[in-house]
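Visitor: Sequence and predicted model, in that order:
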Amino acid sequence: MVAPAPTYDLMLMLDPKAEQATRTKIRSDVKAMIEQGGTIIGDHDYGNRRMSFEINHEANAEYDLVQFHGTNSVLEQLQRTLRITDGVTRFRIIKLRAGVGDPPDLRQEAPAVAEVVAEVEVAAEAVEEAVIEEALEEAVIEAVVEEAVAEAIVDEAIAEVAVEEAVAEADADGDNAPAA
């Protein structure tokens, strides 16, 4: 009995600065090489993602995962070709053990427009509440300052009246007569 061909994962990291046509050609060439001596099980485009470390002063790469059954000749051809192909930042071929599950879905999906609008509305309400609260705080501070100023003016006016009354009383008693 012939053993089934092993399953492999090809993680392909392409240079995002390369032309789109170049990246598309690399992907199609890889699939064609695999199909010559094996079968493709899955093809997952993970998009442009940040790498763990910079390679050639580049922080991002376009990630693709191709799962396939293939022979040693397919592996050798893939390694030889991908090693010298411009536009390939890195690649890794890994032989999977039996029973390994499906790969995770790592695509970066954009949030739904309704979710973004709701988040913006919540943020706008929070800003509006903060502005209103700040305006109220300023109004309270202004009221307290105005009240303190008014009290000081009243206290000063009362003091002036008291002084004038004391002077008037002293004049009436003759205590303040000019010296001869």
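Guide: Thanks, I have the structure now.
Visitor: Could you pick out the longest helix of this protein?
Guide: helix 113-173 (DSSP state H).
Visitor: What average pLDDT does that helix get?
Guide: Helix 113-173 shows a mean pLDDT of 82.
Visitor: buried sites along the longest strand seen in the chain?
Guide: Criterion DSSP state E: the longest strand present in the chain is strand 39-55. Residues 44, 46 are the ones in strand 39-55 that count as buried (16 or more other Cβ atoms under 10 Å). For every residue, glycine as well, the C-beta is placed using N, CA and C.
Visitor: Domains of this structure: list them as residue ranges, please.
Guide: 7-95, 111-174 (automatic domain parsing).
Visitor: Pull up the distance across the first one, start to finish.
Guide: It refers to domain 7-95. Taking Cα to Cα, to the nearest Å as the measure, domain 7-95 stretches 6 Å from start to finish.
Visitor: average pLDDT across it?
Guide: For domain 7-95, the per-residue pLDDT averages 91.
Visitor: so of the domains of the chain, which one's packed in deepest?
Guide: domain 7-95 (a mean of 15; mean count of other Cβ atoms under 10 Å).
Visitor: Alpha carbons of stretch 73-80, as CSV, please.
Guide: Output of stretch 73-80 as CSV, limited to C-alpha atoms (Å, rounded to 0.1, in the frame of the first residue of the first chain):
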residue,chain,number,x,y,z
SER,A,73,10.8,17.2,-6.3
VAL,A,74,8.1,19.8,-5.7
LEU,A,75,9.8,20.9,-2.5
GLU,A,76,13.2,21.1,-4.2
GLN,A,77,11.8,23.1,-7.1
LEU,A,78,9.9,25.5,-4.7
GLN,A,79,13.0,26.1,-2.5
ARG,A,80,15.3,26.7,-5.5
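Visitor: what's in contact with that stretch?
Guide: 8, 10, 30, 33-34, 36-38, 68, 91, 93 (Cβ atoms under 8 Å, 6 or more residues apart in numbering).
Visitor: Which ones among the residues you listed map onto strands?
Guide: 8, 10, 68, 91, 93.
Visitor: what sits against the nearest residue to the second one once chain neighbours are set aside?
Guide: Spelled out, it's residue 10. Closest residue to residue 10 apart from its sequence neighbours, by Cβ to Cβ, 6 or more residues apart in numbering: residue 66 at 4.4 Å. By Cβ under 8 Å, 6+ apart, residue 66 lies in contact with 9-10, 12, 30-31, 34, 40, 42-44.
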